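> give me coordinates for this.
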Amino acid sequence: MITRKLSAGDIIEARCTKCREVMNHRIVAMVGEKVVRVECNTCRGIHNYRQPAEAKVVIGGKSAGKAASKTVSPPRKTKKDPDIADKEEWESLLPSMQVDQAIMYEMNAKFKLNDLVQHTAFGIGLVTLIVKPNKMHVLFQGGKKLLRCGV
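Next comes the predicted model:
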């Protein structure tokens, strides 16, 4: 088979960015022997050349080419639901909490890390993170909440 060099004006197959398909295109610009810009013969859109994806050949249950050289990774583990993780953390901290030492929550009160807080709506909570300026993350039985404080 004889292959001839491509030049501007020749027709080639390329992936069209407007049609989202592999279509016939006319070469508009080249740099050396590399095709740079093409015009779609269907929608007349001019765009950078995108080489059509090569079809994967399946041989004996494995695809040939780049995919065959890749190692197979184990399936990804699903992440824990944040609400479930918060409840598990709450349950593990509950035995060590001294509920009688909880500080009543007020928006202008100052709190430190690991302080126990008594909130009127959420109940007992533990300060897990101080966020500047004047906010804190508190772990309650119902989950984490971001509360205002006077830090």
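> is residue 94 in a helix, a strand, or coil?
At residue 94 the chain is in helix, as set by DSSP: H, G, I helix; E, B strand; the rest coil.
> which residue ranges form the helices in the protein?
Using DSSP state H, the helices of the chain run over 66-69, 82-93.
> kindly report the domain assignment for this structure.
Domain ranges of the chain: 8-53, 82-148, per automatic domain parsing.
> circling back to that earlier point, need the helices of the chain in a markdown table with distance to residue 130, can you?
Where C-beta positions appear, they are placed from N, C-alpha and C, glycine not excepted. Shown next, in a markdown table, are the helices of the chain (distance: least, Cβ to Cβ, whole Å):
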| stretch | distance to residue 130 |
| --- | --- |
| helix 66-69 | 49 |
| helix 82-93 | 17 |
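> and these, which is most packed in?
helix 82-93 (a mean of 13; mean count of other Cβ atoms under 10 Å).
> by contact count, what packs against that helix?
strand 135-140, strand 143-148 (3 or more Cβ pairs under 8 Å, 6 or more residues apart in numbering; DSSP states H and E).
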